[in-house]
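S.K.: coords below, sequence missing:
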């Protein structure tokens with residue numbers, strides 16, 4: 001792989017502007033190379049006819065050992081002079097190009113000026129980040145001191161102090177007995193005593209409170225049995241002190257309070273009512289200890305991840321400077337890389353070892369305190385292996401995709417061959433069975449769009465795993481998502497075929513009730529897999545989805561993060577799927593499936609819940625906006641909530657018009673839908689996507705674009721507007737002669753899902769660019785303890 005591509009692929013996406021601009025420096029080198037080709041054309045010297053080898057092979061051999069040039073000759077051949085200059089904003093490295101008077105020297109002067117700018121940019125960024133991690137390490141040190149003291153208080157608070165007192169008493173008794181023994185010890189036993197004491201010293205014990213004279217007069221061999229017990233107890237005490245080294249300072253707990261970091265619906269209500277303070281007094285219990293350990297464990301994992309990225313940042317940039325300088329030497333035929341790379345090695349970027357030392361200490365701390373001293377277990381947590389692309393995944397994807405296409409083509413041929421579209425029970429089938437099976441079509445289409453999103457996010461280096469907060473190594477790729485989608489498509493199409501065959505076959509025609517149960521069985525299977533507690537079918541992803549779904553349902557009671565409102569936005573595009581789920585309850589709950597009749601519209605409860613189910617996704621997003629308005633005090637969240645409130649009015653009036661067909665509801669629904677669509681379209685393009693900026697470098701777009709082709713953005717804008725207004729079909733009540741009403745409803749719902757898939761890509765692209773602009777590459781992990789520095793200063 002070319003280094004430029006490898007360099008770009010290994011960058012931290014949110015820090016890409018802080019890396020060396022390798023591609024631009026390569027363009028400057030190309031300009032130097034093109035100038036040299038124009039002014040100094042290289043014409044190969046023809047070889048004499050009698051020579052069959054290159055002329056360089058006839059030069060005098062220079063020897064195998066390296067001969068250094070004399071200082072005077074070295075200075076003459078130097079092309080650059082690198083200096084460190086102190087400026088107001090800190091130390092800067094400047095390169096003086098000594099060959100500026102040569103032909104084409106202005107090109108090389110521009111190159112070195114830009115090279116210095118890139119190097120100073122990299123060094124300043126790296127220095128800033130190192131200072132941040134050192135400061136964070138100090139905070140984590142205090143947290144660990146508090147954790148150790150907290151463990152002592154929880155595990156055995158009284159025995160620790162009793163043991164310390166007992167150790168002190170034992171040490172004083174041993175010292176007294178040793179002093180008494182020193183008087184009667186003969187000098188002939190000193191050598192033997194030294195050998196015995198050397199064994200104790202090798203065990204790591206430390207003789208405290210003993211003078212050299214008293215130790216020289218001891219004779220272990222003549223100690224009485226009672227004193228042997230004392231020596232044994234002394235050895236045990238010393239071994240205990242060796243293992244524990246020093247007791248943890250419990251005084252730090254006097255300056256600590258607990259942070260209320262765990263958020264529950266109950267805590268949110270109390271916070272809203274100002275019942276619970278931000279910090280609480282320490283309560284020494286095993287439950288609190290477990291919470292503290294879990295929070296610090298997450299903090300150490302995130303901190304270690306930050307250190308790894310910083311180390312990679314340093315290594316990649318140093319490699320890039322080495323590569324670009326070697327390219328310069330090759331293009332310009334000079335020897336400037338040696339002196340410049342010496343400066344790179346001696347600069348802060350090459351000499352700072354704080355990150356490496358911190359990584360070693362973090363790993364040792366994590367292994368000892370959070371992995372039970374199991375190094376392999378601790379390192380697997382700190383450095384999880386990325387998910388590997390498995391051949392069986394690709395094979396299974398191809399198998400299910402091919403099977404789904406084959407079943408779909410077979411279904412079309414069966415409908416055509418048996419002339420089902422003109423059969424007697426066509427309308428009955430379309431009003432009953434088609435909504436049941438179209439539910440799976442909506443889900444599969446949404447999964448295909450999400451898989452396409454993942455593919456293009458990866459292609460254009462949108463860090464979606466960080467934005468969504470996926471654990472490292474657990475995020476699904478586009479192949480896994482497509483595999484699940486096509487597997488569901490195969491099951492759904494298989495049920496459709498089974499339903500048609502069992503209905504057409506005279507031998508199974510009497511079991512119509514059983515054939516109607518196939519869609520219900522498939523729904524039960526899907527929910528069983530989704531809520532399966534066992535480690536099968538991507539358990540971490542299912543758990544993440546269910547957690548976000550639960551947070552959406554309890555919208556105002558949990559802090560709103562991007563995965564939660566992103567999932568709620570997906571639900572707003574699955575309104576028709578939610579209506580189909582309601583139809584499942586009515587169709588099978590009221591027993592209509594036995595007669596294949598649709599009498600749900602005659603039930604007032606069904607009609608009432610049709611309004612509720614339709615408005616639920618938008619109501620959840622409205623509650624999320626209100627929660628963010630309360631927390632962030634951002635008026636834009638209030639405007640966003642107004643958008644969803646207008647949408648609720650629009651879909652409610654459209655539902656009322658669909659059920660009643662009254663003209664006044666049609667007028668109200670038309671006006672409300674037009675206002676909601678215009679407001680939502682403007683919000684999509686300007687605020688969610690960040691486009692339509694008149695003063696942007698890319699007119700009517702934005703300054704930074706990940707897709708190089710600007711036409712893609714304009715096409716997406718047009719598609720978003722057109723597909724937004726597809727909603728109006730339910731109000732204007734368009735009819736197509738060759739399409740059934742349920743088919744038209746399914747097409748409009750599918751268009752909305754496609755629009756949501758397009759919206760997903762550009763929404764996350766805009767979020768990613770915001771993170772890049774703020775160099776935000778890490779999640780802030782809440783810490784369990786709050787250190788009260790004011791109290792410490794007062795004392």
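M.R.: In hand now; what should we look at? The structure displayed is predicted, hence computed values, not measured ones.
S.K.: Quick one: neighbours of residue 583, just the number.
M.R.: Around residue 583 there are 21 other residues, counting by other C-beta atoms under 10 Å. Quick note: C-beta positions are derived from backbone N, CA and C, even for glycine.
S.K.: Show residues contacting stretch 604-616.
M.R.: Residues outside stretch 604-616 that contact it (C-beta atoms under 8 Å, 6 or more residues apart in numbering) are 571, 575, 578-579, 581-582, 586, 600-601, 648, 651-652, 655-656, 659.
S.K.: Disregarding residues adjacent in the polypeptide, which is nearest to residue 379?
M.R.: residue 363 (7.0 Å; C-beta to C-beta, 6 or more residues apart in numbering).
S.K.: Can you list the low-confidence ranges for the stretch 301-450 of the chain?
M.R.: Counting by pLDDT under 70, the stretch 301-450 of the chain shows no low-confidence range.
S.K.: cutoff 90 now
M.R.: 332-339, 350, 372, 383-391, 414-433 (pLDDT under 90).
S.K.: and residue 93, what is it in contact with?
M.R.: Shown in contact with residue 93 (C-beta under 8 Å, 6+ apart): 82-85, 116, 119-120, 123, 343, 347.
S.K.: quick one: it from residue 122, how far?
M.R.: According to C-beta to C-beta, to the nearest Å, residue 93 stands 10 Å off from residue 122.
S.K.: What is the distance between stretch 542-554 and the centre of its chain?
M.R.: Averaging C-alpha positions (C-alpha atoms, centre = their mean, to the nearest Å) puts stretch 542-554 17 Å from its chain's average.
S.K.: actually stretch 18-27, sorry about that
M.R.: 27 Å.
S.K.: and the closest residue to residue 495 other than its chain neighbours, what is it in contact with?
M.R.: Closest residue to residue 495 apart from its sequence neighbours, by C-beta to C-beta, 6+ apart: residue 518 at 4.4 Å. The contact partners of residue 518, by C-beta under 8 Å, 6+ apart, come to 495, 498-499.
S.K.: I'd like those as JSON lines, with secondary structure and pLDDT appended.
M.R.: Shown next, in JSON lines, are the contacts of residue 518 (DSSP: H, G, I helix; E, B strand; the rest coil; pLDDT from 0 to 100):
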{"residue": "495", "secondary structure": "helix", "pLDDT": "92"}
{"residue": "498", "secondary structure": "helix", "pLDDT": "87"}
{"residue": "499", "secondary structure": "helix", "pLDDT": "83"}
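S.K.: of the residues you listed, buried ones?
M.R.: By neighbour count, with 16 or more other C-beta atoms under 10 Å, the contacts of residue 518 hold 495, 499 as buried.
S.K.: Now residue 305: which helix or strand?
M.R.: helix 286-332 (DSSP states H and E).
S.K.: hmm, back to that, hmm, residue 304 and the residue nearest to residue 379 touching each other?
M.R.: Yes: taking contacts as C-beta atoms under 8 Å, residue 363 lies within contact range of residue 304: 7.1 Å.
S.K.: Between these two, which contacts overlap?
M.R.: Shared contacts of residue 363 and residue 304 (C-beta under 8 Å, 6+ apart): residue 382.
S.K.: sorry, back to before: farthest-apart pair in the contacts of residue 93, please.
M.R.: For these, the farthest-apart pair by C-beta to C-beta is 83 and 123; their separation is 14.5 Å.
S.K.: Pick out whichever of the two has more residues nearby.
M.R.: Remark: of residue 83 and residue 123, residue 123 carries more neighbours, 22 against 10, as counted by other C-beta under 10 Å.
S.K.: Quick check: the more buried one vs residue 350, distance?
M.R.: From residue 123 to residue 350 the distance is 10 Å (C-beta to C-beta).
S.K.: joint contacts of those two?
M.R.: Common neighbours of residue 123 and residue 350 (C-beta under 8 Å, 6+ apart) do not exist.
S.K.: how far does stretch 571-582 sit from the chain's center?
M.R.: Here the centre of mass of C-alpha atoms in stretch 571-582, compared against the chain's by C-alpha atoms, centre = their mean, lies 29 Å away.
S.K.: Pull out the buried positions in that stretch.
M.R.: 571-580, 582.
S.K.: Which helix or strand contains the residue nearest the centre of the chain?
M.R.: Centroid-nearest residue in the chain: residue 466, 2.4 Å away (criterion: C-alpha atoms, centre = their mean). Using DSSP H and E, residue 466 maps to helix 464-468.
S.K.: Which elements pack onto that helix?
M.R.: helix 426-459, helix 562-572, helix 741-773 (3 or more C-beta pairs under 8 Å, 6 or more residues apart in numbering; DSSP states H and E).
S.K.: again, 7 Å this time
M.R.: helix 562-572, helix 741-773 (3 or more C-beta pairs under 7 Å, 6 or more residues apart in numbering; DSSP states H and E).
S.K.: need the buried residues of stretch 571-582 in JSON lines with secondary structure, can you?
M.R.: Formatted as JSON lines, the buried residues of stretch 571-582 follow (DSSP: H, G, I helix; E, B strand; the rest coil):
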{"residue": "571", "secondary structure": "helix"}
{"residue": "572", "secondary structure": "helix"}
{"residue": "573", "secondary structure": "coil"}
{"residue": "574", "secondary structure": "coil"}
{"residue": "575", "secondary structure": "helix"}
{"residue": "576", "secondary structure": "helix"}
{"residue": "577", "secondary structure": "helix"}
{"residue": "578", "secondary structure": "helix"}
{"residue": "579", "secondary structure": "helix"}
{"residue": "580", "secondary structure": "helix"}
{"residue": "582", "secondary structure": "helix"}
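S.K.: Those residues into TSV, with extra columns for distance to residue 324 and pLDDT?
M.R.: Formatted as TSV, the buried residues of stretch 571-582 follow (distance: C-beta to C-beta, whole Å; pLDDT from 0 to 100):
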residue	distance to residue 324	pLDDT
571	50	96
572	49	94
573	47	94
574	51	94
575	55	92
576	56	93
577	54	95
578	56	94
579	60	93
580	59	93
582	63	92
